Structure formats: structure tokens, C-alpha cells
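[1] Here is my input; please provide its structure:
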Amino acid sequence: MQRLFNSSCIKQFFTSVILFLAVCGLALYFPNKYVGHGFVVVAALLGLAQLLIATRQHFIKWSWGIVWPAALLVMLLSLLVGYFVHGGDKDWRRLNEFIEIAAIGFVLFLVFSQFSSEEVRVKKLMPWVLALGAGITGLLLISTWSKYGFNGRMWQGTSMINISAGTQIILVGSLMGFLVASKFHWSRLFWVVAIALGSVSIFASGSRGAWLALLTCFCLAGLFLFSKTGWKVIVTTSLVAVLSFYALLQTNQVQQRIEHGKNDIAKYIDGGQRKTSLGLRFEMWRSAWDGFVAHPFTGMGAAPLGQRWQGIDHDYHLVPLSPHVHNDFLEAAQSRGLLGLTSVLLLLIAPVYLGWRYRESQYGKALFVATGGFIVACLFDSHLVMKFALFYYVTMQSVLLGLLISDVSKSTPAVQTAE
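    Take a look at the predicted model:
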């Protein structure tokens, strides 16, 4: 059986099935996270079986391949230390959730970095399946825009769309990376439509941080587009993008949201009024920094914000039940100290660095654009402490990084591998 599974045709077949299931899960995750999660779990189980049966494969066959597993390990260690030091329910929940997420991500990463060096036809389908997912999500959001707008929480399946908006940056940004890496063909217009629909769904969330993240994705994609195309394509694309943004900015919902943000900032700066939407966020950031300075090595635990300061004299009693500080970097620093901050930096910076280093690959472009935008979203919300967002981020990055490593090692014959 081992000889059978090590044959080229069987390896390609199983890798294709695993990739197809994983990408379908990523595409379906926003319309229904349970269905998407199920597809990814099945893909990971098949990948684990493939890794166990094909025992004579190289474990990590590219020197930079160790970066992503190391980032997952450091994140796991920070959560483990946080649980043993603080022992809170939320510390245990975050650790327990990440054990599953890291295991799935690590398996998928190994499968695609080890077994996809041969031509796997389904890799060509990846952007199309992701585009279909982005398009479905956008159409669902548009259909409910008039009913919900930015008023209240809008639920899609069981996931709050304003939370998922930051994570959708990974989906839409990846599509942008694939688009600018491909030769122009009329069929690629389907990707353009999907990106447009996905962008509308992100705008429909009302998340201003996600708006800035989306703009970042467009700018990073434009950087690649500028380097490979003529001025006619650049002018046309820029004109369409500017007109689209202008049209969205003219909607009452967007204008009200922007005006609301301006008023919050003015009140906070001029009058010191802290109990506004942005004012509370500024206070959370200030409090998180104070907590990190006071407990730099172990942090204050993952308990709700008010409980973190319980029994400690500190001017922070505005939103005691908030579970996080709306900034992934500060949240990690306050809740888990230096190790927590390092883990988030590795998890976010490693894909950006590798994406830029190997930007000639389509997977490198997808990684750089998507992760660059997502980092901006993480400055205004704590996506990496939410299982919904963390699962999607780790799964997508594991798939893209595995395929990138396979792509780079295939085009570099001089790479030394160890048996």
C-alpha cells in the first residue's frame, strides 16, 4: 500500500482532492461557517492519512519552510503559558481552539509543500473557487443591505458579518493577488466581478478598519499591477477603482459612518469624552499598553477587560465586559506579554515577508496583498482571538504558503533537501 500511495499519479490525485476540499471550505466559510469548517476538516484528515502512509517523503524540503510551523508553535506556546499562569476560562478556551486550528494548518501546510511539486491541475481551479465564494458572499450581503445597513448586528449563518469583514480581506485580497499575477484574459473578468462583490460585502459590514484594510489591498495589488502592465491598463483599472470607491462613499450609510467617526475623534481630543465608539477603543488601547508595561512577561490573562484590572488601581472601568481590546497586537501584549506579542508578529509578518521575497510566484503575490490588508484590519480589531477569524486565517495561509514553497522549490533545482 505504501508503494501505491508513493506513486506519482496517486499522490497527485489525493493532493488534488485535498486541495479542492480545502479551497471549497474557504469559499463556503462566510455563507455558512459550519459547512466550510467541515470541508476543511475532511481535507486535513485526508492529508494526515497521506502523510502517515507516504512515510518516505521529505519532512520539510525548503529552508524557509520552517517559518510557518514555527509561527504556529510560538502562538501555541504563548497560549499554553498564558493558561498555566492565569488559568482562566478564556485562557483555556483560546488554547483549546488553537490546538485544533494549528493541527489543521500544519497538516495542510505539509501536504501542499510536500506533494504538490508535480503539476496538480486543481491548483488552477483555486482562484475560480475562491472567486465563487466571494461572489456568493457579496450577493448575500447586497440582498440584505436595505434591511440591515449598518444598524445593529447582521447575522449570516451564525457569524456576525461585522466581525467576519476583517477576515474577508484575506479572501478578497488573495483574489487580487491572483488577478495581478495572471495574464489578462476575458475569463478573468469573473474574478473582477467577484472582487467587486466581495468589496461591497466588506463595505456593508460598517467596519471602518476593514475599509482601510480593503483600500490597502487595492494599493498593494496596484503596486504589482504597475510593475507588469502598460499605462492603458493601469489608467483604466485605476479609473474603475476610483469611480467604484466614489460611488460607495456617496451612499448614506457610508457617509454617516465616516461622519460618526470624525465626531467621535473630535469629542475625544477636544472634550475628553471617552464613551463614544472610537473613544472607548482609544481607552482600550491605552489600557492595554498600561497592562503590558505593568506585566511585560506574563501579561494579564484573557479574561474580560474589567476583570483583568480587578483589584488593581487603574482608571479603566468603561467597558468591563469587552472580551478584547480591538487591536491584535495590543491584545496579545496585554493578555500574554512578550511571548504573546511575538507570536502575533510571527503569525502576521512571516506570510508578508515570504510573499514579498517570492513575489514572482502567484502565491507570493496573493500572500503579500491579502496579509498586508489583514494586518491593517488587525490594528482596529482583535481577529486572532476569535475562532471564526483565526481558523480562516490559519487555513488560508497554510494552503498558500504550502503551495508557495512547492512552487519555489520546483523552480529552484539547487535546493538541498535532507532525507
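[2] ok, residue 22 - contacts?
    Neighbouring residues of residue 22 by CB atoms under 8 Å, 6 or more residues apart in numbering: 39-40, 43-44, 108, 395, 399. C-beta here means a position set from N, CA and C on the backbone, and glycine is covered the same way.
[3] possible to save those as CSV with pLDDT and secondary structure?
    Output for the contacts of residue 22, formatted as CSV (pLDDT from 0 to 100; DSSP: H, G, I helix; E, B strand; the rest coil):
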residue, pLDDT, secondary structure
39, 97, helix
40, 97, helix
43, 96, helix
44, 96, helix
108, 95, helix
395, 97, helix
399, 96, helix
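[4] Residue 382: which of those is nearest?
    For the contacts of residue 22, the residue nearest residue 382 by CB to CB is residue 395; the value is 18.6 Å.
[5] and that closest one, how many residues sit next to it?
    By the measure other CB atoms under 10 Å, the count of residues near residue 395 is 27.
[6] and stretch 342-362, how far from the chain's centre?
    Relative to the centre of its chain, stretch 342-362 is centred 12 Å away, using CA atoms, centre = their mean, to the nearest Å.
[7] Show me what counts as buried in it.
    Within stretch 342-362, the residues scored as buried using 16 or more other CB atoms under 10 Å are 342-344, 346-348, 350-352, 354-355, 358-359, 361-362.
[8] which one of these is nearest residue 78?
    Nearest to residue 78, judged by CB to CB, of the buried residues of stretch 342-362 is residue 343 at 4.2 Å.
[9] quick one, phi/psi of the closest one?
    Note on residue 343: backbone dihedrals following degrees, to the nearest 10 are phi -60, psi -40.
[10] Averaged pLDDT, the helix or strand containing residue 129. What do you get?
    Using DSSP states H and E, the element containing residue 129 is helix 126-148. Helix 126-148 shows a mean pLDDT of 82.
[11] buried stuff in that helix?
    Under the neighbour-count criterion of 16+ other CB under 10 Å, helix 126-148 has 126-138, 140-141, 145, 148 buried.
[12] Just give me how far it sits from the chain centre.
    17 Å.
[13] And stretch 68-86, by the same measure?
    Chain-centre distance of stretch 68-86: 19 Å, with CA atoms, centre = their mean.
[14] Can you dump the C-alpha atoms of that stretch in CSV for me?
    Output of stretch 68-86 as CSV, limited to C-alpha atoms (Å, rounded to 0.1, in the frame of the first residue of the first chain):
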residue,chain,number,x,y,z
TRP,A,68,5.2,29.0,9.3
PRO,A,69,5.3,25.9,11.5
ALA,A,70,7.5,27.9,13.9
ALA,A,71,4.9,30.7,14.0
LEU,A,72,2.2,28.3,14.8
LEU,A,73,4.3,26.7,17.5
VAL,A,74,5.1,30.0,19.1
MET,A,75,1.5,31.0,19.1
LEU,A,76,0.6,27.7,20.8
LEU,A,77,3.3,28.1,23.4
SER,A,78,2.1,31.6,24.2
LEU,A,79,-1.4,30.4,24.8
LEU,A,80,-0.1,27.4,26.8
VAL,A,81,2.0,29.7,29.1
GLY,A,82,-1.0,32.1,29.4
TYR,A,83,-3.2,29.3,30.5
PHE,A,84,-0.8,27.9,33.1
VAL,A,85,0.0,31.3,34.5
HIS,A,86,-3.6,32.7,34.6
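[15] between the one helix or strand residue 392 maps to and helix 126-148, how many degrees?
    Secondary structure from DSSP H and E places residue 392 in helix 387-410. Here the directions of helix 387-410 and helix 126-148 differ by 160 degrees (axes from the mean of the first three to the mean of the last three CA atoms, to 10 degrees).
[16] Which strands and helices lie in contact with helix 387-410?
    Applying 3 or more CB pairs under 8 Å, 6 or more residues apart in numbering; DSSP states H and E, one finds that helix 387-410 contacts helix 8-28, helix 33-53, helix 67-86, helix 89-115, helix 161-181, helix 328-357, helix 362-378.
[17] hmm, back to that, only whichever of the contacts of residue 22 are buried, select them in PyMOL.
    Written as a PyMOL command, the selection of buried residues from the contacts of residue 22, which uses 16+ other CB under 10 Å, is:
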select buried, resi 39+40+43+44+108+395+399
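[18] Kindly indicate which of the contacts of residue 22 lies nearest residue 99.
    So of the contacts of residue 22, ranked by how close each gets to residue 99 (CB to CB), first place is residue 44, at 13.0 Å.
[19] contacting residues around the closest one?
    Applying CB under 8 Å, 6+ apart to residue 44 gives the contacts 22, 103-104, 107-108.
[20] right, and the pair among these with maximum separation?
    By the measure CB to CB, 22 and 103 form the most distant pair in those, at 14.1 Å.
[21] re earlier: among the helices and strands packed on helix 387-410, which comes closest to residue 305?
    Comparing those under CB to CB, the one sitting nearest is helix 328-357, at 8.7 Å.
[22] who does that closest one touch, helix- and strand-wise?
    Using 3+ CB pairs under 8 Å, 6+ apart as the test, helix 328-357 ends up in contact with helix 67-86, helix 277-294, helix 362-378, helix 387-410.
[23] give me that answer again for 6 Å
    Judged by 3 or more CB pairs under 6 Å, 6 or more residues apart in numbering; DSSP states H and E, helix 328-357 is in contact with helix 67-86, helix 277-294, helix 362-378.
[24] angle of it against helix 67-86?
    Going by the same axes, to 10 degrees, helix 328-357 is angled at 170 degrees with respect to helix 67-86.
[25] average pLDDT for helix 328-357?
    In this model, helix 328-357 carries a mean pLDDT of 96.
[26] Can you find the helix or strand of this structure with the lowest average pLDDT?
    For the chain, counting by mean pLDDT, DSSP states H and E, strand 155-156 ranks last in confidence among helices and strands (a mean of 40).
[27] Same list (the helices and strands packed on helix 387-410) but as CSV, adding distance to residue 225.
    CSV is the format used below for those (distance: least, CB to CB, whole Å):
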stretch, distance to residue 225
helix 8-28, 24
helix 33-53, 30
helix 67-86, 27
helix 89-115, 27
helix 161-181, 5
helix 328-357, 16
helix 362-378, 10
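[28] wait, which of the ones you listed is closest to residue 215?
    helix 362-378 (8.3 Å).
[29] Any regions of the stretch 101-250 of the chain where pLDDT drops low?
    Residue ranges of the stretch 101-250 of the chain with pLDDT under 70: 116-120, 144-163, 228-234, 236-238, 240-241, 244, 248.
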